[in-house]
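J.: A predicted structure for the sequence below; I have some questions about it.
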Amino acid sequence: MLALDWPLAFVLLPLPLLVLWLVPEYRDESEAVRAPFFRRLVELTGRLPSEGAVVIRKRNWQKLYHVVGWVVVVSALARPVWVADPIEKQLPARDLLLIVDLSGSMEERDFTDALGERISRLDAVKQVVSDFVERRESDRIALAVFGQAAFLQAPFTEDRQVIEALLDELVPRMAGAQTMIGDAIGLAVRLFEGSDKENKVAILLTDGNDTGSKMPVARAARIAGEDGIKIHTIAIGDPQTVGEKAIDEEALEGVARTTGGRSFLALDRAELASVYDELDRLEPEKIDTLSYRPREPLYWMPLAFLLGFAVLLFNVMLRLPGIGAPRRAR
């Protein structure tokens, strides 16, 4: 599509007429040359001497060139551009952080896979979370783990294969045997500080209770809520477990309630998969669409036309005799 960046430039089109109307004609007075053989010159030329001004009249082709040239120059000043079809780029509108518990209890083999074989809790989490990540095509995803301390495995990225590869390498106790839930939430807060997305969501999965975080769970959740971070919590394993391995459902529900998220309990792999399906519905993918229309400047085209027109006209005029001869005003 052809467009003009400065269409108001066309108001300059009548400018030459205003100049002709307002500016007086150029006049130059000079003394005549006296020659002793003037009469002989008159006889040879056949023209009679008379008083008056000699005015060089413009030929029609000269007037045409001036008109065309001015129109072309103004057209170039109007900055014509060719606007191509819009190019749309989809950008992720959400940052999604996965926080996985790697404490010693995650090696308990009380889950079953799709074939009915006994697997560890962490292996079940890997299978379900990997499917979840595969579906999140339009989110930036980060992966963090916690045990004795919290660690960032992958910053926010659109490369889902990297997340899946790192997820597959997780093993119980690689971050320590304990369960520092408060420190994991604190890591999430620090990580989201560098995010420019308005929609910030974290999914925290654990099978135990906090065993001595430097930052209390409730305080960490309150800070996350103030920073606009929504945290969904998932408790897995046997809720009847007691001691350090017991699930603190009340604390996890408090985290979700404080941050505006939801709290879930998954007793087996099927329930865990249904939880992530529910999270898919609660947090549908959001996309920011950036539209860009390439613009190619075309101001050089009218100028190139004017140059070609001038060269052509000059060559044609060279072949015509008597071009530009002065005429005497009567």
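T.: Sure, I can see it. Keep in mind the model is a prediction, meaning the values are calculated, not measured.
J.: Looks like Ala202 contacts Lys230 (just checking).
T.: Yes: under the criterion of Cβ atoms under 8 Å, Ala202 makes contact with Lys230 at 7.2 Å. No exception for glycine: its C-beta is placed from N, CA and C like everyone else's.
J.: which one of these two has more residues nearby?
T.: Ala202 (27 against 18; other Cβ atoms under 10 Å).
J.: Check the secondary structure at that one for me.
T.: When classified by DSSP: H, G, I helix; E, B strand; the rest coil, Ala202 comes out as strand.
J.: Identify the bridge partners of the closest residue in space to it that isn't next to it in sequence.
T.: Distances taken as Cβ to Cβ, 6 or more residues apart in numbering place Leu97 nearest to Ala202, at 4.2 Å, with adjacent residues excluded. Assessed by DSSP bridges, Leu97 has beta-bridge partners Ala142, Ala202.
J.: what's Asn199 sitting at in phi/psi?
T.: Backbone geometry at Asn199, expressed as degrees, to the nearest 10, gives phi -100, psi 110.
J.: make that Pro297, sorry
T.: Backbone torsions for Pro297, taken as degrees, to the nearest 10, come to phi -70, psi 140.
J.: Which residues does it form beta bridges with?
T.: Legend: beta-bridge partners of Pro297 under DSSP bridges are Val81.
J.: I'd guessed the residue nearest to Ala202 sits against Ile203; true?
T.: Yes: Leu97 is within contact range of Ile203, at 7.2 Å (criterion: Cβ under 8 Å).
J.: So which of the two has more stuff around it?
T.: Ranked by neighbour count (other Cβ under 10 Å), Leu97 and Ile203 place Leu97 first, with 26 against 23.
J.: who touches the more buried one in this structure?
T.: Contact partners of Leu97, counting by Cβ atoms under 8 Å, 6 or more residues apart in numbering, are 141-144, 156, 188, 191-192, 200-203.
J.: any idea how far Ile163 is from it?
T.: The gap separating Leu97 from Ile163 is 11 Å, by Cβ to Cβ, to the nearest Å.
J.: For Ala114, what are phi and psi?
T.: For Ala114, the backbone dihedrals (degrees, to the nearest 10) come out as phi -60, psi -20.
J.: Run through the residues that contact it.
T.: Taking Cβ under 8 Å, 6+ apart, we find Ala114 in contact with 127, 269.
J.: gap between it and Phe132?
T.: The gap separating Ala114 from Phe132 is 15 Å, by Cβ to Cβ.
J.: Then Thr206?
T.: Distance of Thr206 to Phe132, computed by Cβ to Cβ: 16 Å.
J.: about what we covered before: now for the contacts of Leu97, which pair is the farthest apart?
T.: Leu143 and Lys200 (15.3 Å; Cβ to Cβ).
J.: circling back to that earlier point, look at Thr206 and Phe132 and report which has more neighbours.
T.: Legend: neighbour count by other Cβ under 10 Å for Thr206 and Phe132, higher for Thr206 (27 against 20).
J.: Quick check: the more buried one touching Gln178?
T.: No: using Cβ under 8 Å as the test, Thr206 is too far from Gln178 to be in contact (11.4 Å).
J.: and for those two, which residues touch both?
T.: Going by Cβ under 8 Å, 6+ apart, residues that sit against Thr206 and also against Gln178 are Ser103.
J.: Contact partners for Gln161?
T.: Applying Cβ under 8 Å, 6+ apart to Gln161 gives no contacts.
J.: Point out where the stretch 1-150 of the chain drops to low pLDDT.
T.: Regions of the stretch 1-150 of the chain meeting the criterion pLDDT under 70 cover residues 28, 30, 32-33, 48-58, 87-93.
J.: which residues of it fall in strands?
T.: Under the criterion DSSP state E, counting those that start in this stretch, the stretch 1-150 of the chain carries strands at the ranges 2-4, 54-55, 80-83, 87-92, 94-101, 111-112, 118-119, 140-146, 150-157.
J.: got the ones you listed as a markdown table, with distance to Asn315 columns?
T.: Formatted as a markdown table, the strands of the stretch 1-150 of the chain follow (distance: least, Cβ to Cβ, whole Å):
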| stretch | distance to Asn315 |
| --- | --- |
| strand 2-4 | 31 |
| strand 54-55 | 27 |
| strand 80-83 | 28 |
| strand 87-92 | 44 |
| strand 94-101 | 66 |
| strand 111-112 | 89 |
| strand 118-119 | 88 |
| strand 140-146 | 64 |
| strand 150-157 | 64 |
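J.: Quick one, which of those gets closest to Leu318.
T.: When the strands of the stretch 1-150 of the chain are compared by Cβ to Cβ, strand 54-55 sits nearest Leu318, at 23.7 Å.
J.: circling back to that earlier point, out of the strands of the stretch 1-150 of the chain, nearest to Glu271?
T.: Proximity to Glu271, assessed across the strands of the stretch 1-150 of the chain by Cβ to Cβ, is greatest for strand 111-112 (10.0 Å).
J.: Please name the strands paired to the closest one in the sheet, noting orientation.
T.: Here, using DSSP bridges, strand 111-112 pairs with strand 118-119 (antiparallel).
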